[in-house]
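Trainee: sequence unknown, structure follows:
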């Protein structure tokens, strides 16, 4: 998805998954005149321009300043992994509590599917890293005018607050529960190196290393 702000400052927030996007979207909805695109959950600048969302094709001028948030790739992967576990546990719990929700044709309400997914995830972080299809953040961020970093989001977000002339603090929504420090997920050099290879473009483009 993307959030297109028309007032007080024309701009478009490109929501990269697992980078604090829900908190930012909620802040924009509360403090600006904005609209969230639908249809394509996480659209790039190019996809928004082509109209791969609910508002139809748009020009770069209509998008205004385009911006997004990235995060340390090692933290990014750990966040995805813990989120996927939490999501499986949530649906399993909901199916047990509300048997009427069971629907074997829909993956999220299929108990067997969710249990099998959770079992694979519980094989460990490294096996998940080896097979995950999670994409580099560069795939979304490429084309954005401004890149903020999640590690420094309070300070970086001042750029947006200044543009919007609004200094309401940024909240923290959709927080993954029971999350360890990302460094704790990397118990072997192999796991560190896997991320370094898979997310090389993010590491080089946004100047990240394992510890920062």
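Mentor: Yep, it's here. Remember, it's a predicted structure, so these values are computed and weren't measured experimentally.
Trainee: Hmm, residue 190 is touching residue 124, no?
Mentor: No. Between residue 190 and residue 124 no contact is recorded; they are 11.4 Å apart, counting by Cβ atoms under 8 Å. The C-beta positions use only the backbone N, C-alpha and C, and glycine is treated the same way.
Trainee: Quick one: neighbours of residue 79, just the number.
Mentor: 22 (other Cβ atoms under 10 Å).
Trainee: Can you tell me the closest non-neighbouring residue to it?
Mentor: Spatial nearest neighbour of residue 79, excluding adjacent residues (Cβ to Cβ, 6 or more residues apart in numbering): residue 18 at 4.7 Å.
Trainee: for residue 154, same thing?
Mentor: Nearest residue to residue 154 in three dimensions, chain neighbours excluded: residue 170, at 7.0 Å (Cβ to Cβ, 6+ apart).
Trainee: quick one, phi psi at the one you found?
Mentor: phi -80, psi 130 (degrees, to the nearest 10).
Trainee: check contacts around it.
Mentor: By Cβ atoms under 8 Å, 6 or more residues apart in numbering, the residues touching residue 170 are 23, 24, 27, 153, 154, 157.
Trainee: Near the third one, how many other residues are there?
Mentor: Other residues lying near residue 27 total 23 when counted by other Cβ under 10 Å.
Trainee: Specify the local secondary structure of it.
Mentor: helix (DSSP: H, G, I helix; E, B strand; the rest coil).
Trainee: okay, and for this protein, where does confidence drop off?
Mentor: The model of the chain has pLDDT under 70 over residues 38-41, 51-56, 173-179.
Trainee: which residue ranges form the strands in it?
Mentor: 2-7, 11-14, 33-36, 65-70, 146-149 (DSSP state E).
Trainee: Please dump these into TSV; it should also carry distance to residue 108 for every row.
Mentor: Formatted as TSV, the strands of the chain follow (distance: least, Cβ to Cβ, whole Å):
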stretch	distance to residue 108
strand 2-7	24
strand 11-14	25
strand 33-36	22
strand 65-70	26
strand 146-149	31
